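Visitor: Have a look at this fold, sequence not included:
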Ligand SMILES: Cc1cc2nc3c(=O)[nH]c(=O)nc-3n(C[C@H](O)[C@H](O)[C@H](O)COP(=O)(O)OP(=O)(O)OC[C@H]3O[C@@H](n4cnc5c(N)ncnc54)[C@H](O)[C@@H]3O)c2cc1C
């Protein structure tokens, strides 16, 4: 059910350079919920080209948790939404509208591979944590490849590690495309997301065709990953994606 509500900012933490975790109050309407992977529309208190400015941010928390709504937001220099996020203080009220979006889990017999880059991890973390903590999806095999540039920029690693420890059916690999220093080899590899994906499909000796794919991140990377999968002959109905435009 799409609603517009006044959300109070409960917590604001810089979890990595220029990356903020924001926790807002949950809508009071007890019927309101969302599907993991959906986003909220932030009404910004400024105009853009003569219209009220809006920005979309994916919900990073799970709908199983009805205490607060969490967002993981990257600040872009001088961006309208970024400036708003930079300035908002604990206790401030934001106008949020939602939920919206179709980037949600599509039940299937196949195992799932999640390909996230940057803050594209937000809706994917919501989907994965919901599936693992929900009876219907708790045995489903899930593989996450998270593309980042450098180890110093990582966040929510403890949360991912905890999920992996509690759920042997979930594995994750962080793919560091520009890192040249030491890495934690238990969780990270050097290289792009496609490198991690190729390692998995080689190790498991199974066809890349046997999975459902969920891709999220910036538009250029999402498009290149989508093309990569299509060139491997993966049917389009097995590829789901969200572009952070
Ligand atoms: C469905 C959806 C969900 C989204 N969820 C999230 C989320 O969970 N977390 C999140 O951080 N973002 C998310 N975004 C992106 C977000 O909505 C904004 O577009 C983004 O944060 C930039 O907004 P801004 O107002 O700060 O910058 P703008 O004022 O829109 O842009 C300022 C300038 O920066 C450029 N720019 C925009 N993005 C980038 C970039 N990544 N790198 C460099 N330059 C850029 C623009 O072209 C423009 O010139 C989502 C987008 C969509 C469509």
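Guide: Good, I have the coordinates. Given the structure is predicted, the values throughout are model-derived calculations rather than measurements.
Visitor: following the longest strand along the chain, which helix or strand shows up next?
Guide: In the chain, assigned by DSSP state E, the strand with the most residues is strand 3-16. Using DSSP states H and E, the helix or strand that follows strand 3-16 in sequence is strand 19-25.
Visitor: which outside residues touch that following strand?
Guide: 7-15, 60-61, 68-75, 85-86, 88, 94, 96, 119, 153, 155 (Cβ atoms under 8 Å, 6 or more residues apart in numbering). Quick note: C-beta positions are derived from backbone N, CA and C, even for glycine.
Visitor: how about the longest strand of the chain: buried residues?
Guide: Neighbour-count burial for strand 3-16 flags 5, 7, 9-10, 12, 16 (criterion: 16 or more other Cβ atoms under 10 Å).
Visitor: for the ligand, what are the nearby residues on the chain?
Guide: 39, 55-58, 71-74, 76, 79-82, 101, 119, 122, 218, 242, 244-245 (Cβ under 6 Å from any ligand atom).
Visitor: Farthest from the middle of this protein: give me that residue.
Guide: What lies farthest from the middle of the chain is residue 50; by Cα atoms, centre = their mean that is 31.1 Å.
Visitor: Quick check on that residue: phi, psi?
Guide: Per-residue torsions, residue 50: phi 80, psi 0 (degrees, to the nearest 10).
Visitor: Check residue 53 too.
Guide: Main-chain torsions, residue 53, degrees, to the nearest 10: phi -80, psi 140.
Visitor: count of residues packed around the residue of the chain found nearest the ligand?
Guide: Residue nearest to the ligand within the chain (Cβ to the nearest ligand atom): residue 79, separated by 2.1 Å. As a burial measure, residue 79 scores 13 neighbours (other Cβ atoms under 10 Å).
Visitor: Tell me if residue 152 really is in a strand.
Guide: No - with DSSP: H, G, I helix; E, B strand; the rest coil as the criterion, residue 152 is helix rather than part of a strand.
Visitor: At which residues are the strands of the protein located?
Guide: 3-16, 19-25, 39-48, 51-58, 68-74, 93-100, 111-117, 142-148, 170-176, 188-190, 211-217, 239-243.
Visitor: Show me what the shortest one is packed up against.
Guide: Under the contact criterion of 3 or more Cβ pairs under 8 Å, 6 or more residues apart in numbering; DSSP states H and E, strand 188-190 touches strand 170-176, helix 193-203.
Visitor: at 7 Å what do you get?
Guide: Under the contact definition 3 or more Cβ pairs under 7 Å, 6 or more residues apart in numbering; DSSP states H and E, strand 188-190 sits against strand 170-176.
Visitor: buried residues in the strand it packs on?
Guide: The neighbour-count check on strand 170-176 (16+ other Cβ under 10 Å) flags 170, 172-176 as buried.
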